[in-house]
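In: Give the three-dimensional model of this entry:
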Amino acid sequence: MSNIRQHLQNRLSYLIVAGLLLRLLLIVIRFDEFADDRDAYLGIANNLLQGVGFSTSGTDYPTAFRPPLYPSLLAFFTGVFGTIGIAILHLVAGGVSIWATVKLGERLGLKEGALLAGLLVAIDPILLRYTTLPMTEVIFAALTTLMLWLWNRADQRPSWNAYLLTGFTFGIAALCRPSLLPMLAVLWVLYLMNDLTSFHRAERIIKSTLCIVLVGASAMITMLPWGTRNLAVFGHFKLTTTHGGYTLLLGNNPVFYDAVVRQPLGTTWGDYAADDVRSQTSWINKLNRQLDERGLVSEFDRDHAQYDRAIKNIQAEPLMFLRASLLREIRFWSPVPIGPQARSMNSVIYWGTALFYVLVYLLALLGVISIFYKSENRRRLWLPALAMIITFSVVHSLYWSNARMRAPLIPVIAILAAYGLENRRAGGVNPLVTLLDN
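Out: Predicted structure coming up:
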């Protein structure tokens, strides 16, 4: 047994090295992209390094528009290593993602499939693409996968310390992207649904609720310094960001409906010139002027106003909201890029990416179906992973969405795909497989 474990460990080491070498190659080719500050994380990091504090890029105005973890990591790594520090940070995250995917797969009962899941993460197009950009995708994917591994370990070896450590990691991940937070409520519901099939349902429901409470409390304590900072600086206690209202309004407004939702599938705001009244740039400029005219200076006031406007837009055109939500879901799960950049892609890369994700999705679907044929105890171990898929799917059907938003789900989908293939080869009971065979 020890020889088998050593063999698997050696292959995992080779896989991690191969994944890192692939990422390193991309970094060498696209190193200049580390200066492409699309989400202003580098600007905030530079302000931190200069002693200005967590403030808007190019100013000394305090901000809570972006979550604090990633800019803080950028400030540390670039402060010590310069621009190459971003590469180091992303390489570490890539290695953690591969390692945690394999280890999580093993805990979920995969054998050779665990290494396949790690391989899928190592070569995933989205994770590779965002390795060379100063954005949160690769960091968030690493943190959420590590959190799921810790949660699974806590479920198999329950202890206060195990669940508190899981909550700490959950809180750290939420400080990278707050969209993770609803997962606690989603998972509690899944736990209850699963517990109702247990003979000792009352005992299991209490245990599940205590688990959620422990993880949630630990996560909230972890995020408390950020909320306290916002209270001290802005007079508002907020554990998330002032970005939510903007991202809800961004995909729920009449201009977006007319320019994108009512247009043929594949149309994006990027198809319009910046000076076109239907463009995203024109819409943002007009929105900012209107907020300025109302005298809304505080980020918190502007965030609240944008939430209000988005909700009114949804109430005014509920059918368009549903269409927009469907479009956001399609964008989130699309196997190929959408928009002007996609049309300029090499056809081999474009169709190769499409084939990769279609195959992974089909295998992952087999994996999901197979889970429901497991015992109540074994099925429970998969619920945190399933809760994360549901959470991000729902969140990004409401808020702004595109394919990169599913980055944290890539390791989970890879594990499900590997499980679906492994179960298929083992002759596991699966009605979809039976249907395909017939």
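In: Is it correct that residue 85 is in contact with residue 78?
Out: Yes. Using C-beta atoms under 8 Å, residue 85 makes contact with residue 78 at a distance of 4.5 Å. (C-beta placed from N, C-alpha, C; glycine too.)
In: Show me which of the two is the more surrounded one.
Out: The neighbour comparison of residue 85 against residue 78 (other C-beta atoms under 10 Å) goes to residue 78, with 22 against 19.
In: So which bits of the strand or helix carrying that one are buried?
Out: Residue 78 belongs to helix 69-81 when assigned by DSSP states H and E. For helix 69-81, burial by neighbour count (16 or more other C-beta atoms under 10 Å) applies to 69, 70, 71, 72, 73, 74, 75, 77, 78.
In: Over to stretch 162-182?
Out: Buried residues in stretch 162-182 (16+ other C-beta under 10 Å): 162-181.
In: gap between the two ends of stretch 248-267?
Out: 19 Å (C-alpha to C-alpha, to the nearest Å).
In: which other helices and strands contact the helix or strand that comes right after the helix holding residue 78?
Out: Past helix 69-81, further along toward the C-terminus, the next helix or strand under DSSP H and E is helix 84-107. Other elements packing on helix 84-107 under the criterion 3 or more C-beta pairs under 8 Å, 6 or more residues apart in numbering; DSSP states H and E are helix 2-29, helix 69-81, helix 112-122, helix 137-156, helix 410-425.
In: Quick one: distance of helix 84-107 to the chain centre.
Out: Helix 84-107 sits 15 Å away from the centroid of its parent chain (C-alpha atoms, centre = their mean, to the nearest Å).
In: Same check on stretch 404-416?
Out: Centre-to-centre, stretch 404-416 and its host chain are 8 Å apart (C-alpha atoms, centre = their mean).
In: For that stretch, list the C-alpha coordinates in PDB.
Out: The C-alpha coordinates for stretch 404-416 follow below in PDB (Å, rounded to 0.1, in the frame of the first residue of the first chain):
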ATOM      1  CA  ARG A 404     -13.800  33.800 -16.600                       C
ATOM      2  CA  MET A 405     -16.300  34.000 -13.700                       C
ATOM      3  CA  ARG A 406     -16.400  30.100 -13.600                       C
ATOM      4  CA  ALA A 407     -12.700  29.900 -12.900                       C
ATOM      5  CA  PRO A 408     -13.300  28.700  -9.200                       C
ATOM      6  CA  LEU A 409     -15.500  25.900 -10.500                       C
ATOM      7  CA  ILE A 410     -12.900  24.500 -12.900                       C
ATOM      8  CA  PRO A 411     -11.200  22.100 -10.400                       C
ATOM      9  CA  VAL A 412     -14.700  20.900  -9.200                       C
ATOM     10  CA  ILE A 413     -15.800  20.300 -12.700                       C
ATOM     11  CA  ALA A 414     -12.600  18.500 -13.500                       C
ATOM     12  CA  ILE A 415     -13.100  16.200 -10.500                       C
ATOM     13  CA  LEU A 416     -16.700  15.500 -11.600                       C
END
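In: Which stretches in the stretch 301-438 of the chain count as helices?
Out: Secondary structure of the stretch 301-438 of the chain (DSSP state H, counting those that start in this stretch): helices at 318-333, 340-343, 347-371, 376-398, 410-425, 431-437.
In: Name the residues that touch the second one?
Out: Outside helix 340-343, the residues within contact range by C-beta atoms under 8 Å, 6 or more residues apart in numbering are 268, 270, 271, 336, 350.
In: let's see 10 Å
Out: When contacts are defined by C-beta atoms under 10 Å, 6 or more residues apart in numbering, helix 340-343 is touched by residues 266, 268, 270, 271, 272, 334, 336, 337, 350, 353, 403.
In: Sticking with the first one, tell me its helix or strand.
Out: Under the criterion DSSP H and E, no helix or strand holds residue 266.
In: For residue 177, report the pLDDT, please.
Out: On pLDDT, residue 177 comes in at 97.
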